[in-house]
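Trainee: Provided below are the primary sequence and the corresponding predicted coordinates.
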Amino acid sequence: MSAITQLNVAALADRAKNILLEPAKEWDKIAGETPTLQDLFARYVAILAVIPAICGFIGDMAFGVGIRYAFRALIMGYVLSFIGPIVGGFAADYLAPQFGGKADRNNAFKLVVYSMTAAWLAGAFAIVPALSILGIAGLYAIYLFYLGATKLMGIPKENAGTFTASVAIVSMMITGLVVLFITLT
């Protein structure tokens, strides 16, 4: 059973804390869990993705950005918090065999979703736009992904860096195209 198969705020907080502070141990625990994709998105992504969306909205409003822009940014940011992990999960699943790992859709999505924890929590800095630069702490998500790639996708350690970079590049490119499509329509 997974820590997120039911809405449990204490379990969610423990997962977030442990993935940030003890990632190697937490990846071992995550590897043995079997949450559904619905559990991952409804009970983890949906909750943590609210942090940067709401903090950004509050920061925008407090520092003079119009409500129309702030609300649009809130919605777009929250929607992208789902699109990014979906794209990343499929990319990790597809690319894993090319880097000596094994394709496993459930593990690919666990890898991407739990890696994003750092980025979503760093999004709290958006509440004060001048502190938004501290959101760079969200890059820790890349390191978390790197650590988890060997444990969840079976990527050999010597390939974990290039696998991580490849998934990141593919995910950013596809997500960027989705954003472009959304903004042009």
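Mentor: All right, it came through fine. Small disclaimer: the values here were computed from a predicted structure and weren't measured.
Trainee: which stretches of this protein have low pLDDT?
Mentor: 1-7 (pLDDT under 70).
Trainee: centroid residue for it?
Mentor: By Cα atoms, centre = their mean, the chain has its centre lying nearest to residue 116, at 2.4 Å.
Trainee: residues touching that one, list them.
Mentor: 45, 48, 81, 84, 85, 141 (Cβ atoms under 8 Å, 6 or more residues apart in numbering). Any C-beta I mention is one placed from the backbone N, CA and C, and that applies to glycine too.
Trainee: now with 7 Å?
Mentor: Each residue near residue 116 by Cβ atoms under 7 Å, 6 or more residues apart in numbering is listed here: 85, 141.
Trainee: gap between it and residue 129?
Mentor: From residue 116 over to residue 129 the distance is 22 Å, taken as Cβ to Cβ, to the nearest Å.
Trainee: can you check residue 24 too?
Mentor: 35 Å.
Trainee: give me the more crowded residue out of these two.
Mentor: residue 129 (15 against 10; other Cβ atoms under 10 Å).
Trainee: might one say that that one is in contact with residue 59?
Mentor: Yes. Residue 129 is in contact with residue 59 according to Cβ atoms under 7 Å; the separation is 5.0 Å.
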